[in-house]
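*Asks:* Any chance you could fold what I've pasted below:
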Amino acid sequence: MMVAHRRRSVSSQSPDDLTSVGLHALPRPVAVVVGAGGVLGAAHVGVGYALEQRRFVPDMIIGTSVGALNGAIAAAHPDRAAPWLDHVWTRLRRREVYPLGYLSSRASIFTDRGLRRLIARAGLPSRIEQLAVPFTAVAMDLVTGAPALLDHGDLEAALLASAAIPGMLPPVEREGRTLVDGGVIAYVPVLAALHAGAASVVVVSSGPESSPLSPVVPRRRAREIASRAGLLLLRHQIERDLREVSEHIPTVVLPTGIDAWPSPWDFGHSQRLISTASLTAGRFLDGLRINGPGLYRVDDPPASATGPCGASASSSSSVTGVTL
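*Replies:* Residues are numbered from 1 along each chain as shown. This next block holds a predicted model:
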C-alpha cells in the first residue's frame, strides 16, 4: 500500500472563487453522508451552513440516526435547511427527545413520541420519494445484522427506524423486518453511498470520524476503560469504511473543530457546536483541492491548534489526501 500526502494551503481567494476548485470539482454524482452522533448532531448544522454558504447542493443524501433526520430536512430544503435546523437545535432539550416517565414497553426505556413530534414539525413530505434530493436513511436489521437502506416509502417510519437506539427507543417494524439505529452497523454510511452509485462523497460528521484520535491512556476505572474501548471499536469501523470507499472515489471528511463534547443528554451546547463547526468546516472547504480518489481530511493538529481538527487562529490549514 502506498500512501501519498497531498498538502494544500488556503489561498487568498474568496469562497466564491474557490468553489470551482473545491467542492464543485468533485465528480458527479456527489453524495453527502451524514453520520450518527445523537446530541452531537448540532455540529451537522454548522457544517450545513458552510456548505450552503458555498452554494453546494448534493445529488443524493444518505444519513444514519440523527444524521438521517438532519439529512432528510436538508433533502427537503437543499439550499436553506441550516437556518431552520439552527432554530430547532438551539431550542431543543432532552425531555423533548427522551421524555422520562413514559415507559414504552419492555422493548425500550423511552417512547418515540418526542421524535415523532420533531419530525411532524419539520414539514417533511410523507414519502421519501417526494424529497427534493434523493435520500436514503440507514437502519440495521435486528435479526440479520444487515444494513437496511430505506430509500422509498414512508419517511417518518424510516427516520424512526434509523434513530431507534437499541434499548432506548422502540424498534420499527417495516416490510417484515425489525429495524433499529443504523449507527450500530454504519455510523458513517459511506458504503451505502458507494453502492448507490456516488462518484464522490462528502462526509458531514459529528464524532470521532472528524478528527485524529488522541493517544489517551484511560484512568483505571471501569467507566473510562469501557468508554475508551467503545471509542476504539467505533473508530475501527469508521476508518475501515472510509478507507474502503476512498480506494474508489474522492472521500472528503469535513472537520468540526470540536474539542469538548457534551454528555449524550445535554442539548445545551448546540450553539457552540454549530458555530465552531461552521467556522472550521468553512476554512477546510476553502483550502480543498481534489486530485482523484483518496481520503481528504485535515492533518494531525499542530501544537498551537485550538481543537482536534487543527483549526488554529492562523489563516492557513492543510488538507491531506490519502491514496491507497
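
*Asks:* now Ile62, what's its secondary structure?
*Replies:* On the three-state scheme (DSSP: H, G, I helix; E, B strand; the rest coil), Ile62 is labelled strand.

*Asks:* Show me what it bridges to in the sheet.
*Replies:* Val33, Thr136 (DSSP bridges).

*Asks:* my read: it touches Ala72, true?
*Replies:* No. At 10.6 Å, Ile62 does not count as touching Ala72 under the criterion of C-beta atoms under 8 Å. For glycine as for every other residue, the C-beta is placed from the backbone atoms N, C-alpha and C.

*Asks:* residue farthest from the centroid of the protein?
*Replies:* Computed with C-alpha atoms, centre = their mean, the maximum C-alpha offset from the centroid of the chain is found at Arg220, amounting to 31.4 Å.

*Asks:* sorry, back to before: mind listing the shared neighbours of Ile62 and Ala72?
*Replies:* Counting by C-beta atoms under 8 Å, 6 or more residues apart in numbering, the residues touching both Ile62 and Ala72 are 135, 137.

*Asks:* who's more crowded, those two?
*Replies:* Remark: of Ile62 and Ala72, Ile62 carries more neighbours, 34 against 28, as counted by other C-beta atoms under 10 Å.

*Asks:* so who does that one touch?
*Replies:* 31-34, 71, 135-138, 189, 192-193, 196.

*Asks:* One more: Thr90?
*Replies:* Per C-beta under 8 Å, 6+ apart, neighbours of Thr90: 42, 270-271, 274.

*Asks:* Mind checking what secondary structure Leu231 has?
*Replies:* Leu231 is classified as helix under three-state DSSP.

*Asks:* What score does it have for pLDDT?
*Replies:* We note a pLDDT of 77 for Leu231 in this prediction.

*Asks:* repeat for the one 5 residues further on
*Replies:* What the model reports as pLDDT for His236 is 86.

*Asks:* do the same with Arg8
*Replies:* The score at Arg8 is 37. That number is its pLDDT.

*Asks:* One more: the one 5 residues further on?
*Replies:* pLDDT recorded at Gln13 is 43.

*Asks:* Helix or strand next in line after whichever strand or helix holds Leu160, which one?
*Replies:* Assigned by DSSP states H and E, Leu160 belongs to helix 155-162. For helix 155-162, the following helix or strand on the C-terminal side (DSSP H and E) is strand 172-174.

*Asks:* what lines up beside that following strand in the sheet?
*Replies:* For strand 172-174, using DSSP bridges, the partner strands are strand 177-181 (antiparallel).

*Asks:* relative to strand 60-64, how tilted is the strand it pairs with?
*Replies:* Between strand 177-181 and strand 60-64, the angle comes out at 90 degrees (axes from the mean of the first three to the mean of the last three C-alpha atoms, to 10 degrees).

*Asks:* same for whichever helix or strand comes after strand 177-181, what does it pack against?
*Replies:* Downstream of strand 177-181, the first helix or strand assigned by DSSP H and E is helix 190-195. Helix 190-195 is packed against strand 30-34, strand 60-64, strand 147-150, strand 200-204, helix 222-246, with contacts defined by 3 or more C-beta pairs under 8 Å, 6 or more residues apart in numbering; DSSP states H and E.

*Asks:* buried ones in helix 190-195?
*Replies:* Within helix 190-195, the residues that count as buried by 16 or more other C-beta atoms under 10 Å are 190-194.

*Asks:* for those, which one is nearest Glu156?
*Replies:* Nearest to Glu156 among the buried residues of helix 190-195, counting by C-beta to C-beta, is Ala192 at 20.1 Å.

*Asks:* pretty sure the closest one is touching Ala137, no?
*Replies:* No. Checked against C-beta under 8 Å, the pair Ala192 and Ala137 is beyond contact range at 9.7 Å.

*Asks:* what about Ser108, how many neighbours?
*Replies:* The burial count assigned to Ser108 is 18, neighbours taken as other C-beta under 10 Å.
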